[in-house]
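Engineer: A predicted structure for the sequence below; I have some questions about it.
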Amino acid sequence: MNKTLVQLCVLCIASLYFVFSELFGWPYAEVIVGTLVIFATFLEFLDVLSKKQYDGKMVVSYGDEGQQVFTLELDEYPEDLKNRESISFEVVSPLEE
């Protein structure tokens, strides 16, 4: 189960509890809903931190004579990258292709 689905479920549970607490007089609606919303926000924060931002891929392959070949595949136009201080690439080895 991915983090987005978990986050969506947490927010749905918070919404349901809020509505049912109003209808049926359940206690501590603000505390419980607030806690669930903060938990969902924290999950989103962790999701953003866990995603690495690459500008492209460096694909490692082998040529006809067995020599290693390195190919850069950019996700953006080279003109857009020329003024950057640094760029990063995800390395894709022959086993990962």
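Structural biologist: All right, it came through fine. From a predicted model like this one, the values you see are computed outputs, not experimental measurements.
Engineer: all contacts plus neighbour counts: C-alpha atoms, from now on.
Structural biologist: Noted.
Engineer: three-state assignment of the residue of the chain most remote from its centre?
Structural biologist: In the chain, the residue that sits farthest from the middle, by C-alpha atoms, centre = their mean, is Glu65; the gap is 39.3 Å. Three-state assignment for Glu65 (DSSP: H, G, I helix; E, B strand; the rest coil): coil.
Engineer: going along the chain, name the strands of this protein.
Structural biologist: Secondary structure of the chain by DSSP state E: the strands cover 56-62, 68-74, 89-92.
Engineer: save these as a markdown table, and put in distance to Leu11 too.
Structural biologist: Output for those, formatted as a markdown table (distance: least, C-alpha to C-alpha, whole Å):
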| stretch | distance to Leu11 |
| --- | --- |
| strand 56-62 | 34 |
| strand 68-74 | 37 |
| strand 89-92 | 33 |
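Engineer: need those in TSV (columns: mean pLDDT, distance to Ser50 and mean neighbour count).
Structural biologist: Shown next, in TSV, are the strands of the chain (pLDDT from 0 to 100; distance: least, C-alpha to C-alpha, whole Å; neighbours: other C-alpha atoms under 10 Å):
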stretch	mean pLDDT	distance to Ser50	mean neighbour count
strand 56-62	90	17	16
strand 68-74	91	21	14
strand 89-92	88	15	16
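Engineer: these: which one's closest to Leu43?
Structural biologist: Smallest distance to Leu43 across the strands of the chain (C-alpha to C-alpha): 24.6 Å, for strand 89-92.
Engineer: so which elements touch that closest one?
Structural biologist: Applying 3 or more C-alpha pairs under 8 Å, 6 or more residues apart in numbering; DSSP states H and E, one finds that strand 89-92 contacts strand 56-62.
Engineer: quick check: Glu44 vs Phe70, distance?
Structural biologist: Distance, Glu44 to Phe70, by C-alpha to C-alpha, to the nearest Å: 35 Å.
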